[in-house]
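Q: predicted model and sequence follow; I will ask about them next.
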Amino acid sequence: MSGNKKILLAGGGTLGSVSPLIAISSKYQADYLFVGTENGPEKDFVMSHGIDNFQSIRSGKLRRYFDWQNFLDIFNIIVAFFQSIKIILKFKPDIILTAGSFVAVPVVFAGWLMRKPIVVHQQDILVGLANRLMAPLATKITVVFNDQIKDFNSKKTVVTGNPVRTTTNVFVKDDKLVVITGGGLGARSMNKFLRPFVEKIIKSGFKVYHVLGSKNADQALDIEGYYSDKFINKSMLDILSQADIIISRAGMSLISEAASLKKALIIVPMPDSHQERNASFLAKHNAALMVRQGNYQIMDRYLDKLLAKEELRLGLGENIYKLFPKNAINDYIILIDQILND
């Protein structure tokens, strides 16, 4: 295929479904259009990483239980489907890439109807409803681990690992650092759970950098050695690279970035969500420490160990690094070229 390729990326609502796509776009030369939600955090994030062409569509969540909101969301999904057709007709993408999210579903359905190649990427251990709907229409499905192949049609499923952004910045590290983050939208309940431990961390000789979330600025603490931000766009990976310990939710996107940096990770999964399966998978492989939100005793015990023992921190970092497949971006790019050159 000659000329500059045109690639449509679809995802949003949270940054978990966006980060792998940004990692690909940073290494693969093409004309990109990103289709996301109207009110999510992804627009600023995407544009800060060099993709200026962003279009939003309606978004509706598909619930597996009765809720009056379902009726409005069905209408939004129908509108989004026709918006997607219009966008695809105008942009004429050579391929559509998504890493999940409900906003991508109408885009993929429209793309399939218009015979566009589609790659659906599955990050989380538990397959969500959006990817279950999109997978049958995909040209190829990419997964992070071999264990995930069983969840899809094996004939069109490829293990690539999880594409992650990279940092080339080199820092002189003076202080030991714990980074706390609840993901792209922040996590108010997790911030509240971790509040009693901040002083303990600082008294142990560590600084704390806390990404609160865009609506959680009121949860910032006034303690020497504690720094906070509401939301980080482009420099988040640089901050993670400085951490000795990362305490976070259990979204696979941030976990993968921590793995690439060989960081000791304490994960507090969102209660009653797919994140609990991600956390259990890592804990089973001794690649991270899992703490259920509200279990103060376990968090206190794990912090005592990690703050005191550098060898334990380094060991966890090595374990999570070894668990994840390497060269994910390169393998994903090879797959894109294979599809486009078929």
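A: Looks like it came in fine.
Q: tell me where the stretch 1-150 of the chain has helices.
A: Listed in chain order, the helices found in the stretch 1-150 of the chain under DSSP state H, counting those that start in this stretch are 19-27, 42-48, 69-91, 104-113, 129-134.
Q: wait, which of the ones you listed is closest to residue 201?
A: Nearest to residue 201, of all these, is helix 19-27, at 26.2 Å by C-beta to C-beta. Every C-beta, even on glycine, is put in place using the N, C-alpha and C of the backbone.
Q: for that closest one, the distance to its chain's centre please.
A: Centroid separation for helix 19-27 versus its chain: 11 Å, with C-alpha atoms, centre = their mean, to the nearest Å.
Q: now what about it, what contacts it?
A: Contact partners of helix 19-27, identified using C-beta atoms under 8 Å, 6 or more residues apart in numbering, comprise 7, 9, 11, 32, 34, 45-46, 49-51, 97-99, 121, 123, 162-166, 253-254, 256-257, 329, 332-333, 336.
Q: may I have it as CSV, with CA atoms only?
A: This file holds the C-alpha atoms of helix 19-27, laid out as CSV (Å, rounded to 0.1, in the frame of the first residue of the first chain):
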residue,chain,number,x,y,z
SER,A,19,-3.3,5.0,26.1
PRO,A,20,-2.4,2.0,23.9
LEU,A,21,-3.7,3.8,20.8
ILE,A,22,-1.5,6.8,21.6
ALA,A,23,1.4,4.5,22.1
ILE,A,24,0.9,3.1,18.6
SER,A,25,0.4,6.5,17.0
SER,A,26,3.7,7.8,18.5
LYS,A,27,5.6,5.1,16.6
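Q: specify the angle between it and helix 104-113 in degrees.
A: Between helix 19-27 and helix 104-113, the angle comes out at 60 degrees (axes from the mean of the first three to the mean of the last three C-alpha atoms, to 10 degrees).
Q: and helix 19-27, what's buried?
A: 19, 20, 21, 22, 23, 24, 25 (16 or more other C-beta atoms under 10 Å).
Q: between the residues you listed, which sits nearest residue 313?
A: Distances from residue 313 to these, taken by C-beta to C-beta, are shortest for residue 19, at 24.0 Å.
Q: on that earlier part again, now the buried members of the contacts of helix 19-27.
A: If you count burial by 16+ other C-beta under 10 Å, the buried members of the contacts of helix 19-27 come out as 7, 9, 11, 32, 34, 45-46, 49, 51, 97-99, 121, 123, 162-165, 253-254, 256-257, 329, 332-333, 336.
Q: out of the buried residues of helix 19-27, which is nearest to residue 41?
A: residue 19 (11.4 Å).
Q: and the closest one, how far from residue 252?
A: 10 Å (C-beta to C-beta, to the nearest Å).
Q: got it, and residue 281?
A: Residue 281 is 9 Å from residue 252, by C-beta to C-beta.
Q: equivalent analysis for residue 227, please.
A: The value you get for residue 227 to residue 252, if C-beta to C-beta is used, is 26 Å.
Q: who has more neighbours, the two?
A: The residue with more neighbours, out of residue 227 and residue 252 and counting by other C-beta atoms under 10 Å, is residue 252; that gives 27 against 14.
Q: quick one: pLDDT of the closest residue to residue 165 other than its chain neighbours?
A: Of all residues not flanking residue 165 in the chain, residue 23 sits nearest, at 4.8 Å (C-beta to C-beta, 6 or more residues apart in numbering). You'll see residue 23 listed with a pLDDT of 96.
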